[in-house]
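J.: Have a look at this prediction, sequence included:
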Amino acid sequence: MSENTSAWVALYGALGEIEPVQTDGTNAHLRNKYATIGALLNGIRGPMERNGLRVLQPYDYADGVIEVRTIFLHESGASVDFTSHLASQKLDAQSLGGAITYARRYALTAALGLTTTDDDGESAMGRGAGRSRERSAPRADTKPREPAERTTAPKEPADEPVSDAAKLQARRATALERLKGTAGAVASAVEQWGPVSTWSNDTITEIARWCGKGTPHDDDGKPVLA
């Protein structure tokens with residue numbers, strides 16, 4: 001390690017200058033943002049150059065495993081390198097290219113401890129195709145919606161229906177009051193139709209008709225109920 005001291009010192013200085021890398025890519029399967037390899041290289045280029053460093057990432061592929069070497073080469077000729085391995089299930093050229101790109105980003109991010117958003121590893125590893133993404137769970141700090149304040153006045157209770165018996169009783173009382181206006185009429189009505197409590201609707205109708213005739217009397221002054 002002593003012969004690479006200058007490279008390690010330079011790398012240490014560059015790490016102190018590197019800012020968080022801005023994400024500029026979107027995962028097609030997970031719909032999340034991540035930093036592309038271009039964004040990572042642009043983000044570290046200034047600090048690396050100011051400390052006399054360059055980044056190389058040669059790779060190899062064999063038996064479904066991608067090997068990436070991330071080399072930080074110092075202007076003195078010394079270097080620091082890290083080796084990463086990534087297994088990939090896809091073997092066609094296009095998919096392999098995406099897996100290599102992912103492996104480079106993974107290796108560079110791990111080597112420098114860069115802070116980025118989760119990336120598109122699902123695509124590079126051959127997972128996620130044809131699989132629907134689950135909905136994210138509701139935020140724990142989401143407040144329940146308050147119930148809306150009632151603005152309408154409460155309904156008044158409906159009047160209770162009047163029973164037939166109560167209606168009949170009211171008609172009896174009305175008929176009785178009309179009869180009281182004629183002397184002897186109440187007694188005559190009771191004599192002909194029975195007690196007031198037994199008067200039916202038809203009886204009350206007859207009494208009303210009789211009262212409407214002006215309550216005729218016989219020669220002796222007795223009300224005529226016919």
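T.: Perfect, I can see it now.
J.: from here on, contacts and neighbour counts on C-alpha atoms
T.: Will do.
J.: Phi, psi for Ser88 please.
T.: Backbone torsions for Ser88, taken as degrees, to the nearest 10, come to phi -130, psi 140.
J.: so it touches Gly64, yeah?
T.: Yes - between Ser88 and Gly64 there is a contact at 5.5 Å, judged by Cα atoms under 8 Å.
J.: ok, those two, which is more surrounded?
T.: Between Ser88 and Gly64, Ser88 has the larger neighbour count (other Cα atoms under 10 Å), namely 20 against 13.
J.: Against Tyr59, how distant is the more buried one?
T.: Separation of Ser88 from Tyr59 (Cα to Cα, to the nearest Å) stands at 14 Å.
J.: Need the residues touching each of the two.
T.: Ile66 (Cα atoms under 8 Å, 6 or more residues apart in numbering).
J.: ok, Leu112 touching Gly16?
T.: No - using Cα under 8 Å as the test, Leu112 is too far from Gly16 to be in contact (10.5 Å).
J.: Give the next helix or strand downstream of the helix or strand of the chain with the lowest mean pLDDT.
T.: Every helix and strand of the chain was ranked by mean pLDDT, DSSP states H and E. The lowest is helix 121-124, at a mean of 52. The helix or strand immediately downstream of helix 121-124 is helix 164-180, counting by DSSP states H and E.
J.: Could you pull out the buried residues of that following helix?
T.: Within helix 164-180, the residues scored as buried using 16 or more other Cα atoms under 10 Å are Leu168, Gln169, Arg171, Arg172, Ala175, Leu176, Arg178, Leu179.
J.: Kindly format the C-alpha coordinates of the lengthiest helix in the chain as CSV.
T.: With secondary structure taken from DSSP state H, the chain has its longest helix at helix 93-112. Only the C-alpha atoms of helix 93-112 are listed here, as CSV (Å, rounded to 0.1, in the frame of the first residue of the first chain):
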residue,chain,number,x,y,z
ALA,A,93,-26.4,-8.1,-26.4
GLN,A,94,-28.8,-5.4,-25.4
SER,A,95,-29.6,-6.8,-22.0
LEU,A,96,-25.9,-7.5,-21.3
GLY,A,97,-25.0,-3.9,-22.2
GLY,A,98,-27.6,-2.6,-19.7
ALA,A,99,-26.3,-5.0,-17.0
ILE,A,100,-22.7,-3.8,-17.6
THR,A,101,-23.8,-0.2,-17.3
TYR,A,102,-25.6,-1.0,-14.0
ALA,A,103,-22.5,-2.9,-12.7
ARG,A,104,-20.3,0.2,-13.5
ARG,A,105,-22.7,2.5,-11.6
TYR,A,106,-23.0,0.1,-8.7
ALA,A,107,-19.2,-0.3,-8.5
LEU,A,108,-18.5,3.5,-8.7
THR,A,109,-21.2,4.3,-6.2
ALA,A,110,-19.9,1.7,-3.7
ALA,A,111,-16.2,2.7,-4.2
LEU,A,112,-16.8,6.4,-3.5
